[in-house]
Structure formats: C-alpha cells, structure tokens
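In: Based on what follows, work out the 3D shape:
(chains A and B)
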Amino acid sequence: DAGVTQSPTHLIKTRGQQVTLRCSPKSGHDTVSWYQQALGQGPQFIFQYYEEEERQRGNFPDRFSGHQFPNYSSELNVNALLLGDSALYLCASSYLAGAYEQYFGPGTRLTVT
Amino acid sequence: EDQVTQSPEALRLQEGESSSLNCSYTVSGLRGLFWYRQDPGKGPEFLFTLYSAGEEKEKERLKATLTKKESFLHITAPKPEDSATYLCAVPASYNTDKLIFGTGTRLQVFP
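Out: Numbering: from 1, shown residues only, chains lettered A, B, ... in the order given. Okay, here's the model as predicted:
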C-alpha cells in the first residue's frame, strides 16, 4: 500500500526565485492538504485541495498557490521566495475533505539563500 | 481563538520509566483529536484519533485518552526507539479542513 510521496526531498533556492513541490496521495485518498513546518514548530496549514479545487486557506499570502490534478496528485507553488520561506513542506492526504485523519508524506526541505 | 498547547516541551526518560504527555485545546465543538509521532527531518506519522471524552486508544506502549479540554499520551515502559517528537492536532472550529497543531513534546528515552 503506497503511502504519501513527495518530491523533491531537498531543494535550495535563491531569494526571488519560484519553486514547485509535488505530492502523490496515499492510495484511496482524494484530498490533499499542504503544511509548512518551521524548525521546532508544529505544522501550519497552507491550504487543502479536493475535487481539484482549493477548499480553504490558512494565513499564507497569495505567493503560495497550488493545484490538484485529476489523479488527485497535487503541486504547491511558491513565488518570489523569501528567506522566511525556508522550512519543511509537508503534504497530507485523506479520504474526503474536512476533519478526517490526515496521513503525511516525508516532506520537502526547502532552503532559501 | 483556536489553540493547542502541549507540555512538557521536552522530556527525558530512562528506559522503562513511564510518563505522560499533555495536550490541551481550545476549539468550539471538537471534531476529533489526532496524535502523531515525528522523527527528525521526517513527516508526522499518524498514531491515534480520539472523538469523544472518555475515549481511549492503545498501540504497543502508547495509550491516548481524551477529556473535554485535554488529551494525554501515556507511555508505559518506554524504549529508546520511542524517542521522537509527539504532536497533537485538532480541526479548527470554523475551518475543519485545517488541522491546528501544538508545538510538540520532544521525548528522549535513554538506555
């Protein structure tokens, strides 16, 4: 049973650049949520995708955008990178949107220099 | 304001020394409380879901309990491989797509 997968594992970018992170949900899941986790903190909700639409959004600027494909996989795009965007980006999948158990992938470590 | 607070921030135990981690929450209308384990540099690993006060769940040396305002993760006779950060999370009051996480308890178990 394939779990949540994310790519790439690590990424180093320069301020002002753009980045795309990818996520494939756990088999049988149709909902993908994205979180940002700074060192020593709990994950912070960015947004959730269900039926290829963004359902809800956390307190993140429009520089953060996403997409969900018909096969339920998802991308997170961040434009105009800032040093403060350096974090572990986590993708979580669940079956149906809403308050259900979310299973996390291994994360993508983004470093902005 | 929705909030999740975990204590202690860090806990050092000798192997076999049982203890408890606390997660207190402030949300309107609890729709579940989730416990996760996170190893350094990795994604959180799902452990338990609790939905109502009085509910208990067990897995190996871990037992999670829930009251109306807090949850406890009891660790019985821990082993070094139980060392990790333990996170709890609840769905937000008015945006149940969003999980609100505590900052976690960093557990170290020494042989």
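In: Low-confidence regions, chain A specifically.
Out: Scanning chain A for pLDDT under 70 picks out the ranges A:1, A:97-99.
In: show me where it has helices.
Out: In chain A, no segments count as helices under DSSP state H.
In: what pairs with B:L107 across the strands?
Out: Here B:L107 sits in beta bridges with B:L11, B:A84, going by DSSP bridges.
In: Repeat that for B:P91.
Out: B:L99.
In: In this structure it contacts B:Y51, no?
Out: No: counting by Cβ atoms under 8 Å, B:P91 does not reach B:Y51; the two are 11.0 Å apart. All C-beta atoms are positioned from the backbone trio N, CA, C, and that covers glycine.
In: who has more neighbours, those two?
Out: B:P91 (23 against 11; other Cβ atoms under 10 Å in any protein chain shown).
In: most centrally placed residue in chain A?
Out: Computing the C-alpha centroid of chain A and ranking residues by Cα atoms, centre = their mean puts A:W34 first, at 3.2 Å.
In: Tell me the spacing between that residue and chain B.
Out: According to Cβ to the nearest Cβ, to the nearest Å, A:W34 and chain B sit 11 Å apart.
In: Strands along the chain, start to end?
Out: Looking at chain A here, since you left the chain open. Here chain A has its strands, by DSSP state E, at A:5-7, A:10-13, A:19-24, A:31-37, A:44-50, A:53-57, A:64-68, A:74-78, A:87-94, A:103-104, A:108-112.
In: Switch to chain B, please.
Out: B:3-7, B:10-14, B:19-26, B:33-38, B:45-50, B:56-59, B:62-66, B:70-75, B:84-91, B:99-101, B:105-110.
In: To A:Q18, which of these lies closest?
Out: Taking Cβ to Cβ, strand B:99-101 is the member of the strands of chain B nearest to A:Q18, at 26.8 Å.
In: Now do the closest one: everything it contacts.
Out: A:33, A:35, A:42-45, A:92, A:102, B:2-4, B:25, B:27, B:34, B:87-92 (Cβ atoms under 8 Å, 6 or more residues apart in numbering or on different chains).
In: Any idea how far it is from the middle of the chain?
Out: For strand B:99-101, the separation from the chain centroid amounts to 12 Å (computed by Cα atoms, centre = their mean, to the nearest Å).
In: residues in contact with the residue in chain A that chain B sits nearest to?
Out: Closest contact between chain A and chain B, by Cβ to the nearest Cβ, is at A:G42 (3.1 Å). Residues near A:G42 by Cβ under 8 Å, 6+ apart: B:4, B:87, B:89, B:101-104.
In: Quick one: name the residues of chain A near chain B.
Out: A:4, A:6, A:33, A:35, A:40-45, A:48, A:55-56, A:58, A:88, A:90, A:92, A:97-107, A:109 (Cβ under 8 Å from any Cβ of the partner chain).
In: of these, buried ones?
Out: If you count burial by 16 or more other Cβ atoms under 10 Å in any protein chain shown, the buried members of those come out as A:4, A:6, A:33, A:35, A:42-45, A:48, A:55-56, A:58, A:88, A:90, A:92, A:97-100, A:102-107, A:109.
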